[in-house]
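K.L.:
got a predicted structure here, sequence first:
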Amino acid sequence: MLPPVANRFVAGETTPVALDHVRRMNDAGVKVILNRLGEHYTDGAAAAADADAYRQLLRDLDGSGLAACLSVKPSQLGLLVSESFYRERYRAVVEAAADHDAFVWSDMEDSTTTDATLDAFETVAREFPGRVGQCLQANLRRTRRDVERLADVPGKIRLVKGAYDEPSDVAYTRAEAVNESFRENLELLFQEYDGGIAVATHDPELIDYAKRLGETYDRDFEFQMLMGVREDAQRELAAGGYDVWQYAPYGRRWLAYFYRRIRERKGNLVFALRALVS
Ligand code: FDA
């Protein structure tokens, strides 16, 4: 069972428990992006098993009345096995999503995987228009070119700051430069991109900036935040009429994800310690 210290950030170890979480968030006006925890597989069988689990999840969601979609990681679906192995698994999950009237996001991992991830996204988005979305990272120097490349691809784009430590020739490393890149790329998306924009940050200044862009440009956009982070803000935005999605991981491989959230922010550590002693 998931220890209380982790269940702020992880929706549960099993699908039924995760779907209960979706139901609770939907009741609060927030939709949910489900990510089955798992990454960096070098074993094809593990990647194939997660692809099958995602297809089963799509069957479970179909007809459930729940407002939820999926987010997958390329290395979870076999990118480290081989690019073609990954493409087959990713396509199979998206094909199932199309059968079940659902939507699949692709997370973005470290910068050695960016080209392969975008190539697969572009191919699948053209085959299944409106069924897929792709994360881009504002900390990468290349991202402006990637936004321009994807301008006519029929999918959504999620912009994040970027969670991976990258060398300075590839990425901006100062927080101010990352924030500036986030603003510039977000504005470019609002100017150029028709497919739908996801503003994935907890940063109040960037959220306000996105609201202002939303008033200036006539574009479909949504806010995305992580489970356990600023949930009050998620509910407030939803109550204010914005489209809000919460990214909620679930499954048995929660330890690495939990440590990532703790490493990211001291406040999360304080919360975790409180949960341990209470
Ligand atoms: P940052 O961490 O800089 O925080 C900015 C401000 O937000 C803080 O100063 C504070 O005001 C507020 N804040 C942040 N955390 C808070 C907390 N716990 N409590 C209160 N206030 C808080 N990354 C990646 O590389 N690939 C991916 O595919 C994804 N996918 C993804 C999906 C979604 C839906 C989200 C929200 C994020 C990702 N990320 C990601 C992670 C992303 O790159 C980034 O690491 C985190 O979102 C943290 O960055 P912030 O934008 O929140 O800003």
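P.N.:
Sure, I can see it.

K.L.:
spatially, what comes nearest to residue 36 if we skip its sequence neighbours?
P.N.:
Here the nearest residue to residue 36 in space, its sequence neighbours aside, is residue 251; by CB to CB, 6 or more residues apart in numbering that works out to 4.8 Å. Yep, even glycine has a C-beta here, placed from its N, CA and C like the rest.

K.L.:
residue 254 now?
P.N.:
Taking CB to CB, 6+ apart, and ignoring the residues beside it in sequence, residue 254 has residue 10 as its nearest neighbour in space, at 4.5 Å.

K.L.:
picking that back up, and the residue nearest to residue 36, how many residues sit next to it?
P.N.:
Residues lying near residue 251 (other CB atoms under 10 Å) number 21.

K.L.:
partners of the nearest residue to residue 25 once chain neighbours are set aside in the sheet?
P.N.:
Ranked by CB to CB, 6+ apart and with sequence neighbours excluded, the top spatial neighbour of residue 25 is residue 32, at 5.2 Å. Per DSSP bridges, residues listed as beta-bridge partners of residue 32: residue 68, residue 246.

K.L.:
residue 32 against residue 250, yeah?
P.N.:
No. Using CB atoms under 8 Å, residue 32 is not in contact with residue 250; the gap is 9.9 Å.

K.L.:
overlap in contacts, the two.
P.N.:
11, 21 (CB atoms under 8 Å, 6 or more residues apart in numbering).

K.L.:
just to revisit the earlier point, next, the contact list for the residue nearest to residue 25, please.
P.N.:
So residue 32 contacts 11, 21-22, 25-26, 66-69, 245-248 (CB under 8 Å, 6+ apart).

K.L.:
ChimeraX command for the buried members of those residues?
P.N.:
For the buried members of the contacts of residue 32, the matching ChimeraX selection, counting by 16 or more other CB atoms under 10 Å, is:
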select :11,21,22,25,26,66,68,69,245,246,247,248
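
K.L.:
and the ligand, which of the contacts of residue 32 reach it?
P.N.:
residue 247 (CB under 6 Å from any ligand atom).

K.L.:
which residue ranges of the stretch 51-200 of the chain form helices?
P.N.:
Using DSSP state H, counting those that start in this stretch, the helices of the stretch 51-200 of the chain run over 83-99, 114-127, 143-149, 175-192.

K.L.:
so where is the chain shaky, pLDDT-wise?
P.N.:
Segments of the chain classed as low confidence (criterion: pLDDT under 70) are 1, 4-5, 266-278.

K.L.:
quick one, strands of it?
P.N.:
All strands of the chain, identified by DSSP state E, fall at 31-36, 68-72, 104-106, 132-137, 156-160, 197-200, 221-226, 244-250.

K.L.:
closest to residue 168 out of those?
P.N.:
strand 132-137 (14.6 Å; CB to CB).

K.L.:
the closest one pairs with which strands, and in what direction?
P.N.:
Taking DSSP bridges as the criterion, strand 132-137 forms sheet pairs with strand 104-106 (parallel), strand 156-160 (parallel).

K.L.:
before we move on, the earlier item: quick one: which of the contacts of residue 32 is nearest the ligand?
P.N.:
The ligand lies nearest to residue 247 out of the contacts of residue 32, by CB to the nearest ligand atom, at 3.6 Å.
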